[in-house]
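>>> I'd like to go over a predicted model; first the sequence, then the structure.
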Amino acid sequence: MSFFFRMISISLTLIFVENTVFARAIDTSTLISVSRNRKNIFGFGICAVYFSVVTGFLGFFADNFLLESQILKEQAYIYQPFIYVAILGVVYIITLLILWKYFYKIFLRIKKFIHLSALNCAILGAMFLNAQNCTALSEYIFRGIGVGLGFAFAIYLTAIVYERLHDASVPYCFRGYPLTLLYIGILSMAFYGLASTPIKY
Amino acid sequence: MNSNNIPKSNNQKNDSLGSVIYNAMVRNNHILVLGTAIAPVIVIANTLKNAAYLALTFSVITFFTMLLSSFIPQRVVYTVRVIIYIAIGSLVYVPTAIIISALFPQAIQNMGIYFPLLITNSFIIFHSDTMFLTEKKGRMILDLIFGIIGYDIIVLLFGLVREIFSTGEINGNVIALPMLFKAFYQPFGGFILLGIFAAVLRGILLLIKKISN
Amino acid sequence: MNMINTKSENSISADMLIALLVPAVIAVYYYGARAAVIIVVSVIVCIFTDLICFKLRGKSASDFDVSTIVTGLTISLMMSAAVPYYAVITADVFAIIICKHAFGGRKNAIFNGAAAAFLFTSICFPSEMLNYPRPSVHIGLSSDAVLNTALFPSMSKSVALSNDAVSGSFIDLLVGKFCGPMGTGFTILFLISAVFLMLRRSVSAIAFCSQFVVVVVGTLIYCKFNLSYAMAVLCSGMIIFGMIFLSCDYTTMPKTRSSRFIFGLLTGVLTLIFRFYAGAENPIIYAIIIAAPIGIELDKKMISFSKIISEYQAKKASVVSKNGATPNTDESGLNNEQQ
């Protein structure tokens, strides 16, 4: 039971304290473009969680492989990205093929945003952070859940005020993109208060 | 294997060099107008030095990735093609990382995970199709180079302003300031400052428009 | 969805202003001339920045409203009495330019200006902002006078660090005689003014009460009913002050009754989380900022929810009236009110 609570707390930490967007600013560009359309957020969140969990799971084995192989040990940081991108690409293509073959309706619905939810810095960045921060397989998986949900949470928080950020009363200089940045900045200032220790970048 | 057989985008114009430069660097500035690859800007570019590292690595990785990506036939579906772009990016990353770590060992350390994350920046994922790869080679390279230069200028300016405001230094040299806004050193300060930058650029463009009318 | 606006914004702000003037006077009594200067500077800078922004946005100065003065006064009361003037000015400028005018004026603002500005400045100038003189120590007006004064961390912080041990008597806690922001410790006064404002309908009773109950009950449970510790937590850290003047601000608050209730609960829970999990010094500031966008969403959700309910009731009523009974189209109180 205590194990379970520990894992939940890892996920919650990644959602609220070390949120990919609010604490690390990873993938703000994707957030800004996705938050335009509120309809897709739910599906986007599910896709993001799916990809971050699966890539986290496979990333565990990749990290272990990198640790064990003596040749790559010194220069792991050079080959890491290629291995991670390969994992991500394989997962992405296999998922697309399965969806296309067996769940064509779902495929049509998520076709527009699936590349955004899979091929972004949040998912790839989670793999790099996993390699730095944890060792056990369970941690990899729950961190994956946390990253995916945290990303979706950040998008949700931005999408719910989309009309206000693009309102006609907002001065032209700030309307849209600049105001979105200010909004995220003020919010992340508040989330920063949750972190009792400085967050590693 | 080139982009001859793709439908040309509508905005294919025979612009003068000046307007190409103006559009790529100012009107469609990648940081302040389009919001491309702003994550490393917000987190890494908090001093002039780090900003210079970021500008250097970003330019190298993005330029070569986009250049190589332009050889991928456009017949491949975009959903699949984009993974090839990123794979190319991760290949370009390998020599870049080796060279950079030999020349500036500090850069790798300062940039942390944001250095490898440059291979999935939204320059490559979002704007590859809409802005670059649908155009003719020469025009594309021109756009790409000036887009990257526009990005670099803003990164350096941003890093400079942020360093002055948050630490009271210019590249490590102390200048006397009555007060320091330490918040700008943190990522949220980066968000706020970048928002102000973007608003200022819009204000300037608006002013230019008014004056020219 | 018809919101019945019983009071104009300016009269709400005027009520707030009256309720804020009393702690301002007490702050001057406690901390001397410097407190008065800080308050005056803050209000004047707010008004000037506001007028300049109206000018820049091409609006007439007649759009100016009392809420600007309320913002200036609130910011100054949240400051330490030893704060340098530039910190106050930074906070004012941030509140007016970034939180008000960049978001398109008071109607469209998302965050409470005073709260966000205080948070920003307290991160910018932590040592200047978050160290306080003892009450009844009068500091001179110059910056040298501040250097010669002994400054201490706020009681909120020392309570959070020690998790127990409160110096000072019960009465001192209630009248604000402890190290802390100059105008936010007078708990008894704030409770009275809360009742006054709720009776005048300038503060939403639902939001305030739900928040208050959640925070008090949560604190008592966390403190294991150790009353002196619970009192110290509740009186310090501008919790009561924030509840009345920051979180119950009408512009950043949901408009329907049910969403106000949920908003109050949410802010209360967030305050507890920031107080006891993160150990934040002024937990309510963070809670207000995070709850603000969710409050906007709650409004939309509750409006659509009440529509569904009223549709369902209308359907039911039509079925009943077909069967010969009198139709009952009285809508539930979910949707049509200001309070």
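Received the coordinates, thanks.
>>> do you know the pLDDT at the closest residue to residue A:76 other than its chain neighbours?
Closest residue to residue A:76 apart from its sequence neighbours, by C-beta to C-beta, 6 or more residues apart in numbering or on different chains: residue A:66 at 5.1 Å. Glycine gets a C-beta too; all of them are placed from N, C-alpha and C. With respect to pLDDT, residue A:66 scores 79.
>>> who's in contact with the one residue sitting closest to the centre of chain A?
Geometric centre of chain A, nearest residue: residue A:122, 3.4 Å, by C-alpha atoms, centre = their mean. Counting by C-beta atoms under 8 Å, 6 or more residues apart in numbering or on different chains, residue A:122 makes contact with A:20-21, A:26-27, A:30, A:48, A:52, A:147, A:151.
>>> which of those fall within strands?
Judged by DSSP state E, strands contain none of the contacts of residue A:122.
>>> wait, doesn't the residue nearest to residue A:76 sit right on residue A:82?
No - using C-beta atoms under 8 Å, residue A:66 is not in contact with residue A:82, being 11.3 Å away.
>>> and the helix or strand containing residue C:156, what other elements does it pack with?
According to DSSP states H and E, residue C:156 maps onto helix C:155-162. The contact analysis (3 or more C-beta pairs under 8 Å, 6 or more residues apart in numbering or on different chains; DSSP states H and E) places helix C:155-162 against helix C:227-235.
>>> related to what we said a few turns ago, the helix holding residue C:156 vs helix C:227-235, what angle?
Taking axes from the mean of the first three to the mean of the last three C-alpha atoms, to 10 degrees, one finds helix C:155-162 and helix C:227-235 inclined to each other by 130 degrees.
>>> got a pLDDT number for the residue nearest to the centre of chain A?
86.
>>> what about it, helix or strand, and which?
Per DSSP H and E: helix A:121-133 holds residue A:122.
>>> what residues of that helix count as buried?
Burial within helix A:121-133, assessed by neighbour count using 16 or more other C-beta atoms under 10 Å in any protein chain shown, is assigned to A:121-131.
>>> wait, what's in contact with residue 93?
All of this refers to chain A. B:80, B:83.
>>> oops, chain B please
A:78, A:81-82, B:61, B:116, B:118-119.
>>> likewise residue B:161?
B:193, B:197.
>>> tell me if it really is in a helix.
Yes - assigned with DSSP: H, G, I helix; E, B strand; the rest coil, residue B:161 falls within a helix.
>>> got the residues of chain B near chain C?
Near chain C, the residues belonging to chain B are B:178-184, B:186, B:189, B:192, B:199 when assessed by C-beta under 8 Å from any C-beta of the partner chain.
>>> could you rerun that using 10 Å?
When proximity is defined as C-beta under 10 Å from any C-beta of the partner chain, chain B approaches chain C at B:165-166, B:178-186, B:188-189, B:192, B:195-196, B:199, B:203.
>>> just chain A next, same as before
A:16-17, A:156-161, A:163-175, A:178-179, A:182-183, A:185-187, A:189-196.
>>> show me how to select, in PyMOL, the buried members of those residues.
To isolate the buried subset of those in PyMOL, counting by 16+ other C-beta under 10 Å, use the following:
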select buried, chain A and resi 16+17+156+157+158+159+160+161+164+165+167+170+171+173+174+175+178+179+182+183+185+186+187+189+190+191+192+193+194
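>>> helices - which of the residues of chain A next to chain C land there?
Among the residues of chain A next to chain C, DSSP state H puts A:156-159, A:163-165, A:178-179, A:182-183, A:185-187, A:189-192 in helices.
>>> which of those residues are close to chain B?
Okay, of these touching chain B (C-beta under 10 Å from any C-beta), that's A:178-179, A:182-183, A:185-187, A:189-192.
>>> Serialize those to JSON lines and add fields for pLDDT.
Shown next, in JSON lines, are these (pLDDT from 0 to 100):
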{"residue": "A:178", "pLDDT": "93"}
{"residue": "A:179", "pLDDT": "93"}
{"residue": "A:182", "pLDDT": "93"}
{"residue": "A:183", "pLDDT": "93"}
{"residue": "A:185", "pLDDT": "93"}
{"residue": "A:186", "pLDDT": "93"}
{"residue": "A:187", "pLDDT": "92"}
{"residue": "A:189", "pLDDT": "91"}
{"residue": "A:190", "pLDDT": "90"}
{"residue": "A:191", "pLDDT": "90"}
{"residue": "A:192", "pLDDT": "87"}
